[in-house]
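Peer 1: how does the following fold in three dimensions:
(4 chains)
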2 protein chains.
Amino acid sequence: MPSIKDVAELAGVGVGTVSRVINNHPAVKSVTREKVNAAIKELNYIPNEVARNFKMQKSTMVALLLPSIWHPFFSELAFYIEDQLDREGYKLMLCNSGGRPDKELYYLDMLNQNKVAGIIGITYNDIEDSVRTDIPIISLDRHFGKKITCVTSDNYTGGRIALQELVKAGATKVAYLGVTSSAYSEVVLRKSGFIDEAKIQGIEFSTYEEHDEVYEDDSFFENFFNLPHHQNVNGIFANTDLLAAKYIDKAKLNGLRTPEDVKVIGYDGIQVNKLFRPILSTIRQPVEEMARMSVKLLLRKIEGEMLEQEIYRIPVMYRRGETT
Amino acid sequence: MPSIKDVAELAGVGVGTVSRVINNHPAVKSVTREKVNAAIKELNYIPNEVARNFKMQKSTMVALLLPSIWHPFFSELAFYIEDQLDREGYKLMLCNSGGRPDKELYYLDMLNQNKVAGIIGITYNDIEDSVRTDIPIISLDRHFGKKITCVTSDNYTGGRIALQELVKAGATKVAYLGVTSSAYSEVVLRKSGFIDEAKIQGIEFSTYEEHDEVYEDDSFFENFFNLPHHQNVNGIFANTDLLAAKYIDKAKLNGLRTPEDVKVIGYDGIQVNKLFRPILSTIRQPVEEMARMSVKLLLRKIEGEMLEQEIYRIPVMYRRGETT
DNA sequence: CACCGTATTGGAAACGTTTCAACGTTTTTT
DNA sequence: AAAAAACGTTGAAACGTTTCCAATACGGTG
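Peer 2: Residues are numbered from 1 along each chain as shown, chains lettered A, B, ... in the order given. The predicted structure follows:
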């Protein structure tokens, strides 16, 4: 594998000159530039990016730390994040924490050692304190404090819209269905917005929540349907699309048809729910915009800029499907 | 940021000794080890992984190069690949090529420059020739030649099983529905298996295919339903689950109910199709096993081992849903 | 022709680590 | 008690780049 030194030798110039040619530094006579380029071509020389990163004491690697790329919302997010990073000349490292706090910390340590340029994180932990160095971080949907800028959708308004739309669709008794993973999650605002609007409209409502871990098994829904005050609920706002889809399924087993007997609205707006039948009505997070904004903000932080806001809230949109 | 030198100084030992302590080299007296560890703790020293990679001329970064993490099958795959890599002490870099040959080559160049330890690729291009260095590569579902080991599901048998199951479900005239992205794709074997078995069983069949790019718009299905020889088709084998789901949708618009009027089987076995209604019957690729095997094989290649096979085919399974 | 200023160029130092030959110290063997 | 062997340790070299300072070349000016 030829190095810059070999190129310099063959071209009959110094290594500094070769470096300048590679980096398009203007102070090189064009005749010299030609010679060097010829030598590069002849030797099939490829600059060693690792050596460069080492020397420069910085890299162009950004880590995306999330619970699981498996989840459709995260994979859509990751797609746009990677795309934007690539446009900006950065690379993406993917870290699945499984939502486990210990694994998040383990990854954070590793990213430290590897001197990544920045981190975009969707974490359980308050990483504000646990990250020991000054790697720039953007947090999605989790608000910890000043140091870590948060990008999120406008959850509160989303919750309000959800209620409004359920009412418009004819619901008279509604419930909020939630799984929450982190104490710091902005997701609780979906509930607040929903509740506040329910009070304003004078609609009867209830809430039913569990932690992430539990909702894989069926007891979550069994309990829901067994509780007496959930009788006659005819409007459901689930805080993710996947949860909404599961609800619809379980409701059917309990003899409730959607949307005839119960209206359902989800949250996220993942692409695959266009394939669900009935098509899910949802509060759509603008995932592409959130992804691109996260990257842009992170890069500004990497450049050393101070950001003007601590939280960036991106507007949401109601997307009607067939469940309302 | 303290370096190994600072640690050595504080501990009153040579840098080589510190290095051996960090790397758990046995030839260090325990009293020395203590001193060094104390110094490490005091200085809050973190080994610089970038410098280490540079010196060692190798990294523990593996790249996953695929069309789009957006696709549920790929995101499931990525999840397990990341998990297995992490277990083995490696990291994952994610590259979405968008299925565009030029972008694949661009990424390949970049990975070269960045001296990744290995690549797991799902590509359009025959990367056997275009990759200029000897970075180990595992290719998923694409078979190019000896240099690049291929991991794939048993597509041929999958195609045969699909036909058998359609017949069992009562289909009498069947069609293969396909989108193919790469000339090198092993996916064509799904068709071959399907056809061969149809001939064996003496079932009337036809095939209908397009390239990846086209199937997003509706003309794909319009044409399908308009062709006279597709009249009375009552069994469909689509070569991906997503395609099957879209077919079912369009069929409904054409007055065909699934499974009453037409039986449908997909391929992949992505998790979300449990949420489709009706639940899709499918030929399930063992995605976790494929992911873990790809990683293990890649690591063996990285260690310099020669692999015994050029293609590793992993058995598939029929998973019955509600569309047959 | 001497001088100056500017445009190019060369090459050494530095980044933080591993490794290895050489050296120093302790233990074992004779 | 000396020699040999085993064990620990040191510090310099090397990995491939960038950057900076000094050196050189070249053109123009007085």
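
Peer 1: tell me the mean pLDDT for the helix or strand encompassing A:Glu210?
Peer 2: Using DSSP states H and E, A:Glu210 maps to strand A:204-211. For strand A:204-211, mean pLDDT rounds to 90.

Peer 1: what pairs with it, and is each one parallel or antiparallel?
Peer 2: Next to strand A:204-211 in the sheet, as set by DSSP bridges, lie strand A:173-180 (parallel).

Peer 1: gap between the strand it pairs with and the chain center?
Peer 2: The chain centre lies 22 Å from the centre of strand A:173-180; the measure is Cα atoms, centre = their mean, to the nearest Å.

Peer 1: dump that strand to PDB, restricted to CA.
Peer 2: Presented in PDB, the C-alpha positions along strand A:173-180 are these (Å, rounded to 0.1, in the frame of the first residue of the first chain):
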ATOM      1  CA  LYS A 173     -65.300   8.600  25.600                       C
ATOM      2  CA  VAL A 174     -61.600   8.400  24.900                       C
ATOM      3  CA  ALA A 175     -58.500   6.800  26.300                       C
ATOM      4  CA  TYR A 176     -54.800   7.500  26.000                       C
ATOM      5  CA  LEU A 177     -52.700   4.400  25.500                       C
ATOM      6  CA  GLY A 178     -49.000   4.700  26.200                       C
ATOM      7  CA  VAL A 179     -45.700   2.900  26.600                       C
ATOM      8  CA  THR A 180     -43.000   5.100  27.900                       C
END
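
Peer 1: show me what the helix or strand that that strand is followed by packs onto, helices and strands only.
Peer 2: Sequence order places helix A:188-201 as the next helix or strand after strand A:173-180, per DSSP H and E. Secondary-structure packing of helix A:188-201 (3 or more Cβ pairs under 8 Å, 6 or more residues apart in numbering or on different chains; DSSP states H and E): helix A:155-168, strand A:173-180, strand A:204-211. In this view, the C-beta of every residue, glycine as well, is placed from N, C-alpha and C.

Peer 1: do that again at 10 Å, thanks
Peer 2: For helix A:188-201, the elements it packs on are strand A:149-153, helix A:155-168, strand A:173-180, strand A:204-211, strand A:235-238, judged by 3 or more Cβ pairs under 10 Å, 6 or more residues apart in numbering or on different chains; DSSP states H and E.

Peer 1: counting neighbours, which bits of the fourth one end up buried?
Peer 2: To tie it back to what came earlier, the one meant is strand A:204-211. Going by neighbour count (16 or more other Cβ atoms under 10 Å in any protein chain shown), the buried part of strand A:204-211 is A:205-206, A:208.

Peer 1: still on that earlier bit, okay, the helices and strands packed on helix A:188-201 in TSV with distance to A:Ser139 next?
Peer 2: Shown next, in TSV, are those (distance: least, Cβ to Cβ, whole Å):
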stretch	distance to A:Ser139
strand A:149-153	5
helix A:155-168	14
strand A:173-180	16
strand A:204-211	20
strand A:235-238	24
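
Peer 1: how about these, which one is nearest A:Cys95?
Peer 2: For A:Cys95, the closest of the helices and strands packed on helix A:188-201 is strand A:149-153, at 17.9 Å, according to Cβ to Cβ.

Peer 1: can you tell me the strand partners of the closest one and which way each runs?
Peer 2: Each strand paired with strand A:149-153, and its direction, by DSSP bridges: strand A:137-140 (parallel), strand A:311-314 (parallel).

Peer 1: for the closest residue to A:Glu209 other than its chain neighbours, give its distance to B:Glu209.
Peer 2: Nearest non-adjacent residue to A:Glu209, counting by Cβ to Cβ, 6 or more residues apart in numbering or on different chains: A:Gly178, 4.2 Å away. As judged by Cβ to Cβ, to the nearest Å, A:Gly178 and B:Glu209 stand 44 Å apart.

Peer 1: just A:Ala175 next, same as before
Peer 2: Using Cβ to Cβ, we find A:Ala175 at a distance of 47 Å from B:Glu209.

Peer 1: before we move on, the earlier item: which residues sit against the helix or strand just after the strand holding A:Glu210?
Peer 2: Beyond strand A:204-211 on the C-terminal side, the first helix or strand identified by DSSP H and E is helix A:219-226. Outside helix A:219-226, the residues that touch it by Cβ atoms under 10 Å, 6 or more residues apart in numbering or on different chains are A:175, A:177, A:179, A:206, A:208-210, A:214-215, A:230-231, A:233, A:236, A:243, A:246-247, A:249-251, A:253-256.

Peer 1: deepest-packed of the helices and strands packed on helix A:188-201, please.
Peer 2: For those, ranked by mean neighbour count under the definition mean count of other Cβ atoms under 10 Å in any protein chain shown, the leader is strand A:235-238 at a mean of 28.

Peer 1: tell me the strands beside that one, with direction?
Peer 2: Applying DSSP bridges, strand A:235-238 is found paired with strand A:173-180 (parallel), strand A:263-268 (parallel).

Peer 1: kindly calculate the angle that the first one makes with helix A:219-226.
Peer 2: In this structure, strand A:173-180 runs at an angle of 160 degrees to helix A:219-226, with axes from the mean of the first three to the mean of the last three Cα atoms, to 10 degrees as the basis.

Peer 1: residues near A:Ser192, how many?
Peer 2: Per other Cβ atoms under 10 Å in any protein chain shown, the neighbour tally for A:Ser192 reads 14.

Peer 1: how much space between it and A:Asp129?
Peer 2: 26 Å.

Peer 1: repeat for A:Asn232
Peer 2: From A:Asn232 to A:Asp129 the distance is 46 Å (Cβ to Cβ).

Peer 1: kindly report the same for A:Val36.
Peer 2: 49 Å.

Peer 1: my guess is the residue nearest to A:Glu209 contacts A:Ile195, does it?
Peer 2: No. At 11.4 Å, A:Gly178 does not count as touching A:Ile195 under the criterion of Cβ atoms under 10 Å.

Peer 1: tell me, what's touching these two both at once?
Peer 2: A:Thr207.

Peer 1: contacting residues around the residue in the stretch 51-200 of chain A positioned nearest to chain B?
Peer 2: Residue nearest to chain B within the stretch 51-200 of chain A (Cβ to the nearest Cβ): A:Ser75, separated by 3.7 Å. Taking Cβ under 10 Å, 6+ apart, we find A:Ser75 in contact with A:66, A:68-69, A:270-272, B:68-72, B:74-76, B:78-79.

Peer 1: per-residue pLDDT, it?
Peer 2: We note a pLDDT of 96 for A:Ser75 in this prediction.

Peer 1: element containing it, please.
Peer 2: Going by DSSP H and E, A:Ser75 is part of helix A:72-87.

Peer 1: the closest residue to DNA strand C within the stretch 1-150 of chain A: neighbour count?
Peer 2: Nearest residue of the stretch 1-150 of chain A to DNA strand C (Cβ to the nearest atom of the strand) works out as A:Gly16 at 2.2 Å. A:Gly16 is flanked by 12 other residues according to other Cβ under 10 Å.

Peer 1: next one: A:Ile279
Peer 2: So A:Ile279, with other Cβ under 10 Å, has 15 neighbours.
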